[in-house]
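Quick one, structure for this:
(2 chains)
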Number of protein chains: 2
Amino acid sequence: MLGARGGWRALRRCPSSIFSSSSSSSSSSSSSLPREQRVPAARLRVRQALGAREAAGEVQVQGWVRSVRSQKEVLFLHINDGSSLESLQVVADPSMDSRDLTFGSAVEVRGKLVKSPHKMQNVELKAESIRVVGPCDALSFPLKAKERHPLEYVRQFPHLRCRSNALGALLRIRSEATAAIHSFFQDNGYVHIHTPIITSNDCEGAGELFQIETSNETQESAEKNHFFNVPAFLTVSGQLHLEVMAGAFTHVFTFGPTFRAENSQSRRHLAEFYMVEAELSFTESLQDITQVMEDLFKTATSAVFSRCPRDVELFHKYVAPAQKWGCDLQREHEKYLVQHCGEVPVFVINYPYDLKPFYMRDNEDGPQRTVAAVDLLVPGIGELCGGSLREERLPFLESRLQRLGLSDAYQWYLDLRKFGSVPHGGFGMGFERYLQYILGVDNIKDVIPFPRFPHSCLL
Amino acid sequence: MLGARGGWRALRRCPSSIFSSSSSSSSSSSSSLPREQRVPAARLRVRQALGAREAAGEVQVQGWVRSVRSQKEVLFLHINDGSSLESLQVVADPSMDSRDLTFGSAVEVRGKLVKSPHKMQNVELKAESIRVVGPCDALSFPLKAKERHPLEYVRQFPHLRCRSNALGALLRIRSEATAAIHSFFQDNGYVHIHTPIITSNDCEGAGELFQIETSNETQESAEKNHFFNVPAFLTVSGQLHLEVMAGAFTHVFTFGPTFRAENSQSRRHLAEFYMVEAELSFTESLQDITQVMEDLFKTATSAVFSRCPRDVELFHKYVAPAQKWGCDLQREHEKYLVQHCGEVPVFVINYPYDLKPFYMRDNEDGPQRTVAAVDLLVPGIGELCGGSLREERLPFLESRLQRLGLSDAYQWYLDLRKFGSVPHGGFGMGFERYLQYILGVDNIKDVIPFPRFPHSCLL
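As a prediction, the model looks like this:
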């Protein structure tokens, strides 16, 4: 494998098929060359075209038709390719119209970018040719031209809703938010860790778990002979695994899927959702933790708002409802607190010892009275982040695990306190709730590409 | 929820505990203030200290002891905090030595950065105080000072191996590679999509699947009444879901965990591994796909090599073995090809129709003869990437799904070809194999933080 180090520099194409060397020329001609010869034209994405000035050369734009308006003298199209909320206006001769040129169809337009007479746009594309690449039967297509479909409506079509304005904007924002969160941690010296999805930890007390078996195992054989030799579950949090890494790197984070098998149909729960989690070593104060939460929130949100202003505006103008709350009893406390503080985000700290998991640090303000836990509550959502200092003191942790009957299962976790233990803490932020909050989206199912919840696993 | 938009600017701390407002001062003093008053000193990470010049003020460095050398006149320590492969040399008065100051212990050192007389380092830390934060029992700690433990050895200790030089370097590289891959796609206008982990697709033919149940379901009840109403599985690929998104955004990618329930103990298979997948619309040639593979590989690898030169060097010098191959029969073909081409990466294209999944595009070079598929084979690893043009033509796809008896299950997939279908294609790259290849790591279990494979799901 020594060759590997230099090998990548020499990456090269092997043009012949190993299975059909005798016919390599015919087979490669059908797949490796354009299917028709065309004059090369600069291929622009809609976002690039919209930001361009009038240009002399021919350009080519590909995308989906968002509107067709055929007038006597002129044909207007709007083309969208998902690179921005805005579509590009195409101006064409009415002779270029065709039966296939409908809302939703895929087209390739060639022409010249010219200055637009309209105030709303710098340029428009004066078409020289329009090719319908993929038609769209407007009658059976569930999205309709010029309609602002409610989020509940498009939710029925998980394979098509990304083509609506709202979900398109949402997914661009989600992508930018993902990048901004990665950058925040990277810029602050955190090491990114892929914490495992499948885990043998089953007793963190974070709600019901999904269990995993190979698809051909029967219940009987599964109990005797699991694929992993032990029962295995989908992770509810990467925290314990991040704590392992915080013992080597001091600053670590993860950003991945987590799971709950709770039978909840609420507007803020999913069976599969994303969590951003961070762990910091040599940290003795909850304020170190809340400071990172606050910095993360502000940095990521500023980045999203400045990188996708039009997409964010769509939500703030047309989607965000008047303030609304869930109605379960516990949430009333959270609601009261946030209202009491004037409808701003609020950190709540130092929770009762017995309510919290074994790994939280005893505040020693009385016999097992409170732990150094913190939740961040935000208006309209409730809990957005949860964190704590972790119990780094071996005797405290040993006696707590012993009382819970978990000492054997967590020998490895106790080891972390035996070999160079340090005060540390961390937190998790629900990524979908974060998006709900900054955009004012009522239902969590509308801020994730493919929502999974009780009775539903579409696609 | 309208307040949400302004609310984040006003993020503020609520200092009192809701559960113990009467004792808020005592509880907050134990968690929110440092446990002892100290003079403030600039806190530096080891990487920052190593890059600094001699400085007048007092600094504080925290980390784990990598070596202790006590001489008559002087005490030498090396401190590592995971921010770099290199440790910081600390020079102290022998009176500061203590029984707890051992290999592996966690320490906090205060002192001044002074010019080092040694050639290997710019500066060293002249200690004014050394505090052992967490001792480490050197006898029971499985890592030993000054030993280069084999990867096989440290693999037995998944909760401690990140503190070895090799795994520390690996995880820093993995983090940088993750960031570089995200940047590559972001810089090229791709939208990042979180494709789902739990899916109801079970018939892509990519090997055995893991099935999911809630942990309290019995086999009998599970068959009648699944959590999701339908059988649910762990994803083997995000491709089909990416294709949904490629119908709205033209350029999309995902980077997440995928799963195989195969009973393989090979050095290049895991039950849980990471895939980078991309999908491109308006693409009619395999060369468009192979170009992206090649650009991704080169851009990410250049970034990793330039950002972590010392970490990469450790692997190339001490870890990468002489070239070695698996021994199963099919892999012999791959091996032959790569050798035949001179030990460089090779693209193999146009595979037989019947060997490949239903979504690959018919090359029409004969009746169902070959499809526009491509694999990238690299020396020492074999298949690193796999991709194809996807069948975008409704009649071709319909008849193939019908022959396979899959038409009902994939109505949604056929819909994508009914409503503005476009020629498109994409590929996936195994992230762990990528790391194996660029670093010359023989066993895939050593390039992922917590490996999952048959009979093993530790932690």
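
quick one: the helices in the stretch 251-400 of chain A?
Taking DSSP state H, counting those that start in this stretch, the helices of the stretch 251-400 of chain A run over residues A:286-307, A:309-314, A:329-340, A:394-404.

close to chain B, is the third one?
It refers to helix A:329-340. Yes - Helix A:329-340 is in contact with chain B by Cβ under 8 Å from any Cβ of the partner chain, via A:His333, A:Leu337. Heads up, the C-betas are built off the backbone N, CA and C, glycines and all.

Enumerate the positions of that helix that are buried.
Residues A:Arg331, A:Glu334, A:Lys335, A:Leu337, A:Val338 are the ones in helix A:329-340 that count as buried (16 or more other Cβ atoms under 10 Å in any protein chain shown).

Tell me where the model's unsure across the stretch 301-450 of chain A.
For the stretch 301-450 of chain A, the stretches flagged by pLDDT under 70 are A:321-330.

repeat that with 50
A:325-329 (pLDDT under 50).

picking up where we left off before, highest mean neighbour count out of the helices of the stretch 251-400 of chain A?
helix A:286-307 (a mean of 19; mean count of other Cβ atoms under 10 Å in any protein chain shown).

That one - contacts with which helices or strands?
In terms of contacts (3 or more Cβ pairs under 8 Å, 6 or more residues apart in numbering or on different chains; DSSP states H and E), helix A:286-307 is packed against helix A:165-187, strand A:272-281, strand A:346-352, strand A:370-378, strand A:382-390, strand A:424-430, helix A:431-439, helix B:24-32.

Do any residues in the third one lie close to chain B?
This means strand A:346-352. Yes - counting by Cβ under 8 Å from any Cβ, chain B has neighbours in strand A:346-352: A:Val346, A:Phe347, A:Val348, A:Ile349, A:Asn350, A:Tyr351, A:Pro352.

any idea how far that strand is from the chain center?
28 Å (Cα atoms, centre = their mean, to the nearest Å).

The fifth one now?
Strand A:382-390 has its C-alpha centroid displaced from the chain centroid by 20 Å (Cα atoms, centre = their mean).

ok, now the longest one?
Going by Cα atoms, centre = their mean, the spacing between the C-alpha centre of helix A:165-187 and its chain's C-alpha centre is 7 Å.

Tell me the buried residues in that helix?
In helix A:165-187, the ones that count as buried by 16+ other Cβ under 10 Å are A:165-186.

Can you say which of the helices and strands packed on helix A:286-307 is nearest to B:Gly104?
strand A:272-281 (14.3 Å; Cβ to Cβ).

strands paired with the closest one, and their directions?
Next to strand A:272-281 in the sheet, as set by DSSP bridges, lie strand A:251-259 (antiparallel), strand A:424-430 (antiparallel).

now these as CSV including distance to A:Phe210 and mean neighbour count?
Listed next are these as CSV, based on distance: least, Cβ to Cβ, whole Å; neighbours: other Cβ atoms under 10 Å in any protein chain shown:
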stretch, distance to A:Phe210, mean neighbour count
strand A:251-259, 5, 24
strand A:424-430, 18, 24
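
Same list, those strands, but as a markdown table with distance to A:Glu128 please.
Conversion of these to a markdown table gives the following (distance: least, Cβ to Cβ, whole Å):
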| stretch | distance to A:Glu128 |
| --- | --- |
| strand A:251-259 | 46 |
| strand A:424-430 | 50 |
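
So which of those strands is nearest B:Cys308?
Here strand A:251-259 is closest among those (Cβ to Cβ), at 16.2 Å.

To A:Pro449, which of the helices and strands packed on helix A:286-307 lies closest?
Proximity of these to A:Pro449 was assessed by Cβ to Cβ; the nearest stretch is helix A:165-187, lying at 6.5 Å.

after that closest one comes which helix or strand?
As assigned by DSSP states H and E, the chain's next helix or strand after helix A:165-187 is strand A:191-192.

what helices or strands is that next one leaning on?
helix A:165-187, strand A:251-259, helix B:165-187.

could these go into JSON lines alongside mean pLDDT and distance to A:Glu398?
Listed next are the helices and strands packed on strand A:191-192 as JSON lines, based on pLDDT from 0 to 100; distance: least, Cβ to Cβ, whole Å:
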{"stretch": "helix A:165-187", "mean pLDDT": "98", "distance to A:Glu398": "32"}
{"stretch": "strand A:251-259", "mean pLDDT": "98", "distance to A:Glu398": "25"}
{"stretch": "helix B:165-187", "mean pLDDT": "98", "distance to A:Glu398": "27"}
